[in-house]
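Trainee: Fold the following and give me the result.
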Amino acid sequence: MSCKPVKNRDIDETRMDSGLLMLSYPLRLKPLFADVAKRFGMWKDGSPPIKRLELDEMGTLVWDMIDGKNSVRKIAEEFAAKYQVLPREAEVATASFLRDLGKRGLIAFRGKHSG
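Mentor: Numbers count the residues shown, from 1 in each chain. Presented below is the predicted three-dimensional model:
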């Protein structure tokens, strides 16, 4: 909970009229799958396909707080206050969402500093 998430610089953020975010990012493939994708013409101009992820209101709140300074705990506290949920529920939801972003390669985590 003391880790600090950091955004991948390769992510394009588009704020929609609704105020929500659309994230665009290159698809991460294991080398074997990347070779197959290239052979079948799935990559344009030698670049990987672009994936898009539309965040809902809660996801947008969390994403906007990812700045390399806010810890997972701090983000969860803000989430709990904004959506009036129990701190533990906010911690579980925030950690799960951030884990998913990490698996997609959208964020990384800085070491365990107090925060």
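Trainee: drop to CA atoms for contacts and neighbour counts, all remaining ones
Mentor: Noted.
Trainee: what residue of this structure is the furthest out?
Mentor: residue 39 (29.4 Å; C-alpha atoms, centre = their mean).
Trainee: Next one: that residue from residue 20, what distance?
Mentor: In this view, residue 39 and residue 20 are 36 Å apart by C-alpha to C-alpha, to the nearest Å.
Trainee: Also residue 93?
Mentor: Computed as C-alpha to C-alpha, the residue 93 to residue 20 distance reads 18 Å.
Trainee: can you check residue 3 too?
Mentor: In terms of C-alpha to C-alpha, residue 3 sits 25 Å off from residue 20.
Trainee: got it, and residue 82?
Mentor: Separation of residue 82 from residue 20 (C-alpha to C-alpha) stands at 16 Å.
Trainee: more neighbours, these two?
Mentor: With neighbours defined as other C-alpha atoms under 10 Å, residue 82 and residue 20 compare such that residue 20 has more, 17 against 11.
Trainee: thinking the more buried one is in contact with residue 60, fair?
Mentor: Yes: between residue 20 and residue 60 there is a contact at 5.9 Å, judged by C-alpha atoms under 8 Å.
Trainee: mind listing the strands for this structure?
Mentor: Using DSSP state E, the strands found in the chain span residues 4-7, 12-15, 21-26, 50-54, 107-110.
Trainee: Burial-wise, tell me which of those comes out on top.
Mentor: Ranked by mean neighbour count, the strands of the chain are led by strand 4-7 with a mean of 22 (mean count of other C-alpha atoms under 10 Å).
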